[in-house]
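1. sharing a model prediction with you, sequence too.
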Amino acid sequence: MDDYAPVMTPEDLSVAVRECVLALQAEGALGGQPPAEVVIERPKNRDHGDYATPVALTLAKSAGRPPREIAALVAARLDGVAGVAEAEVAGPGFINIRLAADAQGALAGQVVESGADYGRGSLLAGRRVNVEFISANPTGPLHLGHTRWAAVGDALARVLAAAGAEVSTEFYINDRGVQMDRFGASVMAVAQGRPVPEDGYHGAYITDLAASIVAEHPEFLALPEDEQLVAFREAAYTLQLAQQQQVLELFRTHFDTWYSERSLHDSGAVERGMERLREQGHVFELDGATWLRTTDFGDDKDRVLIKADGEMTYFASDTAYYVDKRTRGFDTAIYLLGADHHGYVNRLRAVAACAGDDMDVSVEVLIGQLVKMMRDGEEIKLSKRAGTLITLEELVEEVGVDAARYSLIRYPVDSPLTLDLDLLVQRTNDNPVFYVQYAHARIASVLRNAAESGIDWRTAGYDPALLVHEREGELLRALAEFPAVVASAAELREPHRVPRYLESLATAYHRFYDACRVLPRGDEPTEPIHLARLWLCAATRQVLANGLTMCGVTAPDRM
RNA sequence: GCCCCCGUAGCUCAGGGGAUAGAGCGCCGGUUUCCGGUACCGAAGGUCGCAGGUUCGAAUCCUGCCGGGGGCGCCA
């Protein structure tokens, strides 16, 4: 495996085409703006070659020549490039390119050698990124609204890391304020055998919390009322937070930092944040309150930091928290928020600007639309009051972690999403996660069979020039796309591109498998083509596994 | 009133300025002596909400309108 032909990936091809253009321009054969980057497409129509580039069309204007003329020049030069079998002008000025079989087939070897690293890149190298998501009150179980973020936030972090960013995930614990007191009061009331206060929390979990706290600390009930409230509040907080953490662990969503709002206040970070804003000159006093002039930076109204009664607003905490993140060395703070928080976008951006940062770089807010659920063809109405709130845990129990995560990640976050529970448990093609996992399991099975037949494909190596079948080419080009998919998913903060890609890769594999026999039949001898196809299988398995891992979904060898 | 999101096949939805707009489901019809048929192939099905604009080129970018969903706090 050390003397196979050099690989020609789409990225390589883009560079090669650009070099052709630059050379022509340097020689004076072609005018116009030197292209910063050359677009390479994978044409849908096979008559248009393996790859195509519209570079001549984009160059035509600045070069002052017809696109087809430019395309002819570039194509002629491209014909001599190693790994390019053919380059021809088509249509209004596209250049259709066909790769040499060995240059395309060599990718399988590269993928297998790269292993888990294939797909990783350096697009975001050097960027320190904080991804904050969920950030629920520790006053109850995580529900469906949090679950989308648990999946998407985690996948986003993995995708950003794959693109080279230094990523840290963070959960902001809202453990301060009246909600906590209401929570504590609710648990205490139940423990005392009294009804929950009108403005309290009503779920059955409150009863469970009260019961386990009383079992552990019967002495709490003897405390004076105010001390008792604190005791129950703190004990319930500890239990509930642990429950959230445990469920998220189960959901394979890992947080590097659990950041307590209390610690933000206790550490003096709030004062430091306030100081930073005063230095920047955007803080002012009015009507006895202290304000931040966020309207200087596109917010529709100024915001109160300290109320006239001297109390900090929630906004003050948010602001200090942002400054704290920056102080901890993050270049970018990404926030994943629900649609009900879209009003926060301009506010957070303005906060960054008020702190002296570039709000287009330092803050990014992703707004997610709501999640609905269906069962038996009918929408499940979710209501806190009616107690039909679905928790993360219940969803996992019903459909499993893989199906839940995959189907939540599969859609752009800014589009509303309806989970069909009946579909998610189906082990059929209708269920995309099974379709992709099945492809992985199928390949694993082929590789197992190869090993059992004593075919040691890995040490035997392969001849990449043998992968000339149409379906082999399709599959190789699909594999070649993966790094660009990961890069764009990271750059655009759109992790859904990964599962969508995996589905197309699974299709390409099934099509290949359907048309190309991998293992020798019966007692046929092992031919070079079998080895080449085994490498192709192994490469596909690797990319499916890498992509599924990026989604936090397992890649099973058997199903 | 102001702000955000959405409008693409019968349904659920992909589609970062490129050639003849795609997938799954559903419907109709096919494919297997042997590697996982939980697969594959084919057919039918579209004024990409409407109207302008930018461009060599628009589902994609811009403006306006129509339709649907969500949101506005000296609350936390």
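-> Right, received. Where do you want to start?
2. please make it C-alpha for all contacts and neighbour counts, starting now.
-> OK.
3. so residue A:316 sits in a helix?
-> Yes: Residue A:316 forms part of a helix when assessed by DSSP: H, G, I helix; E, B strand; the rest coil.
4. who does the strand or helix carrying residue A:59 touch, helix- and strand-wise?
-> In this assignment (DSSP states H and E), residue A:59 forms part of helix A:55-63. Secondary-structure packing of helix A:55-63 (3 or more Cα pairs under 8 Å, 6 or more residues apart in numbering; DSSP states H and E): helix A:67-78, strand A:94-99.
5. what's the neighbour count on residue A:550?
-> 23 (other Cα atoms under 10 Å).
6. which secondary structure state does it sit in?
-> Applying three-state DSSP: residue A:550 is helix.
7. model confidence score at the closest residue to it other than its chain neighbours, please.
-> Among residues not flanking residue A:550 along the chain, residue A:158 sits closest, at 5.6 Å (Cα to Cα, 6 or more residues apart in numbering). According to the prediction, residue A:158 has pLDDT 97.
8. and chain A, what are its domain boundaries?
-> A:10-99, A:133-262+A:369-421, A:428-551 (automatic domain parsing).
9. residue A:357: what secondary structure?
-> Quick answer, by three-state DSSP: residue A:357 is coil.
10. please identify the buried residues of the helix holding residue A:59?
-> A:55, A:56, A:57, A:58, A:59, A:60, A:63 (16 or more other Cα atoms under 10 Å).
11. confirm the residue nearest to residue A:550 sits in a helix?
-> Yes: assessed with three-state DSSP, residue A:158 lies in a helix.
12. distance of the nearest residue to residue A:126 once chain neighbours are set aside from residue A:117?
-> Distances taken as Cα to Cα, 6+ apart place residue A:165 nearest to residue A:126, at 6.1 Å, with adjacent residues excluded. Noted for residue A:165: a distance of 14 Å to residue A:117, by Cα to Cα, to the nearest Å.
13. look up how far residue A:313 lies from the residue of the stretch 51-200 of chain A found nearest RNA strand B.
-> Closest to RNA strand B within the stretch 51-200 of chain A is residue A:177: 3.2 Å, counting by Cα to the nearest atom of the strand. Note on residue A:177: its distance to residue A:313, by Cα to Cα, is 10 Å.
14. more crowded one of these two?
-> residue A:313 (15 against 12).
15. residues in contact with the residue of chain A positioned farthest from its centre?
-> The centre of chain A is farthest from one residue, residue A:222, which by Cα atoms, centre = their mean lies 49.9 Å away. Going by Cα atoms under 8 Å, 6 or more residues apart in numbering, residue A:222 touches residue A:228.
16. ok, now residue A:274?
-> Here residue A:274 is in contact with A:316, A:320 (Cα under 8 Å, 6+ apart).
17. that older thread, can I get the domains of chain A in TSV with distance to residue A:342?
-> Shown next, in TSV, are the domains of chain A (distance: least, Cα to Cα, whole Å):
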stretch	distance to residue A:342
domain A:10-99	35
domain A:133-262+A:369-421	10
domain A:428-551	17
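18. after the helix or strand bottoming out on mean pLDDT in chain A, next one along is what?
-> Within chain A, no helix or strand scores below strand A:378-379, which has a mean of 74 by mean pLDDT, DSSP states H and E. Helices and strands here follow DSSP H and E; after strand A:378-379, the next one along the chain is helix A:392-399.
19. next structured bit after that next one?
-> helix A:401-409.
20. may I see the buried residues of the host helix or strand of residue A:105?
-> Under the criterion of DSSP H and E, residue A:105 resides in helix A:101-114. By 16+ other Cα under 10 Å, the buried positions in helix A:101-114 come out as A:101, A:102, A:103, A:104, A:105, A:106, A:107, A:108, A:109, A:110, A:111, A:112.
21. do the same with stretch A:429-439
-> Quick answer for stretch A:429-439 (16+ other Cα under 10 Å): A:431, A:432, A:433, A:434, A:435, A:436, A:437, A:438, A:439.
22. so which of these reach RNA strand B?
-> A:431, A:432, A:434, A:435, A:438 (Cα under 7 Å from any atom of the strand).
23. list the contacts of the residue of the stretch 51-200 of chain A closest to RNA strand B.
-> Counting by Cα under 8 Å, 6+ apart, residue A:177 has no contacts.
24. low-confidence ranges in chain A?
-> A:1-5, A:381-389 (pLDDT under 70).
25. longest helix anywhere in it?
-> For chain A, the helix with the greatest residue count under DSSP state H is helix A:225-250.
26. right, and the helix or strand after that helix?
-> strand A:257-260.
27. now the closest residue to residue A:214 other than its chain neighbours. Its backbone dihedrals?
-> Nearest non-adjacent residue to residue A:214, counting by Cα to Cα, 6+ apart: residue A:191, 6.8 Å away. Recorded main-chain torsions at residue A:191 are phi -60, psi -30, according to degrees, to the nearest 10.
28. residue A:191 and residue A:223, how far apart?
-> Taking Cα to Cα, one finds residue A:191 at 13 Å from residue A:223.
29. neighbour count winner among those two?
-> The neighbour count for residue A:191 versus residue A:223, taken as other Cα under 10 Å, is higher for residue A:191 (24 against 12).
30. does that one touch residue A:212 like I think?
-> No: using Cα atoms under 8 Å, residue A:191 makes no contact with residue A:212, being 9.5 Å away.
31. show me where chain A has its strands.
-> Counting by DSSP state E, chain A has strands at residues A:51-53, A:84-90, A:94-99, A:128-132, A:166-173, A:257-260, A:283-286, A:289-292, A:303-306, A:332-338, A:363-368, A:371-375, A:378-379, A:417-420.
32. okay, these in JSON lines with mean neighbour count next?
-> Output for these, formatted as JSON lines (neighbours: other Cα atoms under 10 Å):
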{"stretch": "strand A:51-53", "mean neighbour count": "22"}
{"stretch": "strand A:84-90", "mean neighbour count": "19"}
{"stretch": "strand A:94-99", "mean neighbour count": "24"}
{"stretch": "strand A:128-132", "mean neighbour count": "24"}
{"stretch": "strand A:166-173", "mean neighbour count": "19"}
{"stretch": "strand A:257-260", "mean neighbour count": "15"}
{"stretch": "strand A:283-286", "mean neighbour count": "14"}
{"stretch": "strand A:289-292", "mean neighbour count": "20"}
{"stretch": "strand A:303-306", "mean neighbour count": "21"}
{"stretch": "strand A:332-338", "mean neighbour count": "21"}
{"stretch": "strand A:363-368", "mean neighbour count": "20"}
{"stretch": "strand A:371-375", "mean neighbour count": "15"}
{"stretch": "strand A:378-379", "mean neighbour count": "11"}
{"stretch": "strand A:417-420", "mean neighbour count": "17"}
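33. now render the ones you listed as TSV, adding distance to residue A:147.
-> Shown next, in TSV, are those (distance: least, Cα to Cα, whole Å):
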stretch	distance to residue A:147
strand A:51-53	40
strand A:84-90	47
strand A:94-99	44
strand A:128-132	14
strand A:166-173	13
strand A:257-260	17
strand A:283-286	37
strand A:289-292	33
strand A:303-306	30
strand A:332-338	11
strand A:363-368	11
strand A:371-375	9
strand A:378-379	18
strand A:417-420	12
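34. save those as CSV, and put in distance to RNA strand B too.
-> Below are these laid out as CSV (distance: least, Cα to the nearest atom of the strand, whole Å):
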stretch, distance to RNA strand B
strand A:51-53, 4
strand A:84-90, 5
strand A:94-99, 5
strand A:128-132, 15
strand A:166-173, 12
strand A:257-260, 14
strand A:283-286, 6
strand A:289-292, 5
strand A:303-306, 6
strand A:332-338, 8
strand A:363-368, 7
strand A:371-375, 9
strand A:378-379, 11
strand A:417-420, 5
